[in-house]
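[1] predicted model, plus sequence, below.
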Amino acid sequence: MHDSTLEDISTREQLLARVAWLYYERDLTQAEIGARLGLSRITVNRLLKEARQSGIVEIRIRPISTDLPLVEALLQRYPLQDAWLVPAMDQTGEELAQSLAQMAAMVLAQRLQEGWTVGIGVSRTISYIPDFLVLEKPLACRFVTLMGGLYFRPVEVTHNFDVLTRLAVLTGGEAYYLPLPTFVSEPATRDHLLADPLIQRSLDVARQANVAIFSVGTVDQSALLYQVGLLGEEDLNELRVYQAVGDVLGYFFDRRGQLVPAGIHQRLLGISLSDLQRIPLKMLAAGGQPKRPAVKAALSSGLVDVLVTDTATAHWLCDAEEV
């Protein structure tokens, strides 16, 4: 579990410091800050007042904002609208996943609007978001899966059906499911399932998403898709031949952010990459050393608008060689 002070610093105070830094140090107007962070001008004004009252803004912004130049470096290096960082603090595994989910939940809460549709990926990190999402009022949003799920789950992973239901309850909204595994055994099976009108109905809702939230997977035996039996050794070997480094929603990319020509994509159930590209706001929440190549590939693919990661991964992304 986290120290409560670290949790406070990684969420609300980071938001206050970010708004204050953009206003006082970068000389952005309140309207410009609102457009960048997905906030109304009135909300920006309120956050600036709160930053002053809380002592974050004095003569200078408190040292909590020292990572903000790192955010700017990420925005210059990659085609991102914004990035949010959590302290590395030697966090790994479940602890890091919870920190990333907490930050992603805060960013989502700040941007979420009445009646929006939110597409959700399948991952350990994303499964924690309902634990941290806090809204000022119900927004009657729709939550929908962007891909098939897990036909069984390790005990430490929340099923995507549970995640959608909890998010719908939290927002006073609705949940739409794709009751299928991420991968099936044969391309013909996939084609047959995708022709079903009920399945197309769920996918059509996903295609209408205003925001998509997802993580990345690795290409090894630690990958969630491998651990639940949706990827086998033969699949991993083929992906390694193509030098894949990770996946976004079951689509595998090489280190340059190019989709690899693996046969597994012909067995994937979910929205297409072109569908994903058309979603207005795409948020990636991922970090930790094992996932760094996959995060970089996702950023290089152009499929990410907002990145939530840890500071150590952010430094690595900025220092990584161009390909």
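    Received, thanks.

[2] low-confidence ranges, the protein, go.
    Judged by pLDDT under 70, the chain has its weakly predicted residues at 1-10, 59-66, 89-92, 150-161, 323.

[3] domains of it?
    The chain resolves into domains spanning 1-61, 67-319 when parsed by automatic domain parsing.

[4] can you put the ones you listed in JSON lines and add mean neighbour count?
    Every residue, glycine included, has its C-beta placed from N, CA and C. Formatted as JSON lines, the domains of the chain follow (neighbours: other CB atoms under 10 Å):
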{"stretch": "domain 1-61", "mean neighbour count": "16"}
{"stretch": "domain 67-319", "mean neighbour count": "19"}
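
[5] residue 146 - nearest residue in space that isn't next to it in sequence?
    Excluding the flanking residues, the one nearest residue 146 by CB to CB, 6 or more residues apart in numbering is residue 119, at 4.3 Å.

[6] other SSEs contacting the helix or strand hosting that neighbour?
    Mapping residue 119 onto the secondary structure by DSSP states H and E places it in strand 117-120. Packing contacts for strand 117-120, counted by 3 or more CB pairs under 8 Å, 6 or more residues apart in numbering; DSSP states H and E, involve strand 142-145, helix 160-171, strand 211-214.

[7] how far away from the center of its chain is that strand?
    Strand 117-120 sits 11 Å away from the centroid of its parent chain (CA atoms, centre = their mean, to the nearest Å).

[8] repeat for stretch 238-254
    With CA atoms, centre = their mean as the basis, stretch 238-254 stands 18 Å off its chain's centre.

[9] what sits up against that stretch?
    Around stretch 238-254, the neighbours that count as contacts under CB atoms under 8 Å, 6 or more residues apart in numbering are 121, 146-148, 182-183, 214, 216-219, 225, 255, 259-265, 268, 270-271, 273, 276, 284, 291, 293-298, 300-301, 303.

[10] please repeat the previous calculation with a cut-off of 6 Å.
    Stretch 238-254 is contacted from outside by 121, 146-147, 182, 214, 216-219, 255, 259-260, 262, 268, 270, 273, 293-294, 297-298, 301, 303, using CB atoms under 6 Å, 6 or more residues apart in numbering.

[11] can you check stretch 310-323 too?
    With contacts defined as CB under 6 Å, 6+ apart, stretch 310-323 is touched by 67, 70, 73-74, 77, 85-88, 255-256, 287, 292, 296.

[12] okay, and which of these map to strands?
    Counting by DSSP state E, the contacts of stretch 310-323 place 85-86 in strands.

[13] mind putting the contacts of stretch 310-323 into TSV with distance to residue 109?
    Formatted as TSV, the contacts of stretch 310-323 follow (distance: CB to CB, whole Å):
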residue	distance to residue 109
67	21
70	23
73	26
74	22
77	27
85	17
86	16
87	20
88	24
255	33
256	34
287	20
292	27
296	27
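
[14] in the contacts of stretch 310-323, find the pair that's most separated.
    Maximum pairwise distance among the contacts of stretch 310-323 (CB to CB): 29.7 Å, between 87 and 256.

[15] which residues in the stretch 51-200 of the chain form strands?
    82-86, 117-120, 142-145, 174-176 (DSSP state E, counting those that start in this stretch).

[16] strand partners of the third one, parallel vs antiparallel please.
    Pointing back at strand 142-145 there. Its sheet considered, strand 142-145 pairs with strand 117-120 (parallel), strand 174-176 (parallel) by DSSP bridges.

[17] tabulate the ones you listed (TSV), appending distance to residue 312.
    Below are the strands paired with strand 142-145 laid out as TSV (distance: least, CB to CB, whole Å):
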stretch	distance to residue 312
strand 117-120	26
strand 174-176	35
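
[18] who's in contact with stretch 295-308?
    Residues outside stretch 295-308 that contact it (CB under 6 Å, 6+ apart) are 78-84, 100, 103-104, 216, 245-246, 248, 253, 255, 257, 281-286, 317, 320.

[19] now the helices for the stretch 201-323 of the chain?
    For the stretch 201-323 of the chain, the helices defined by DSSP state H, counting those that start in this stretch occupy 224-227, 233-241, 273-278, 292-301, 311-319.

[20] can you put those helices in a markdown table and add distance to residue 192?
    Formatted as a markdown table, the helices of the stretch 201-323 of the chain follow (distance: least, CB to CB, whole Å):
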| stretch | distance to residue 192 |
| --- | --- |
| helix 224-227 | 22 |
| helix 233-241 | 21 |
| helix 273-278 | 20 |
| helix 292-301 | 29 |
| helix 311-319 | 40 |
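
[21] which one, of these, ends up nearest to residue 23?
    For residue 23, the closest of those is helix 311-319, at 22.3 Å, according to CB to CB.

[22] next, the angle strand 82-86 makes with the closest one.
    Going by axes from the mean of the first three to the mean of the last three CA atoms, to 10 degrees, helix 311-319 is angled at 140 degrees with respect to strand 82-86.

[23] re earlier: among the helices of the stretch 201-323 of the chain, which is nearest residue 16?
    That would be helix 311-319 among these, by CB to CB, at 18.1 Å.
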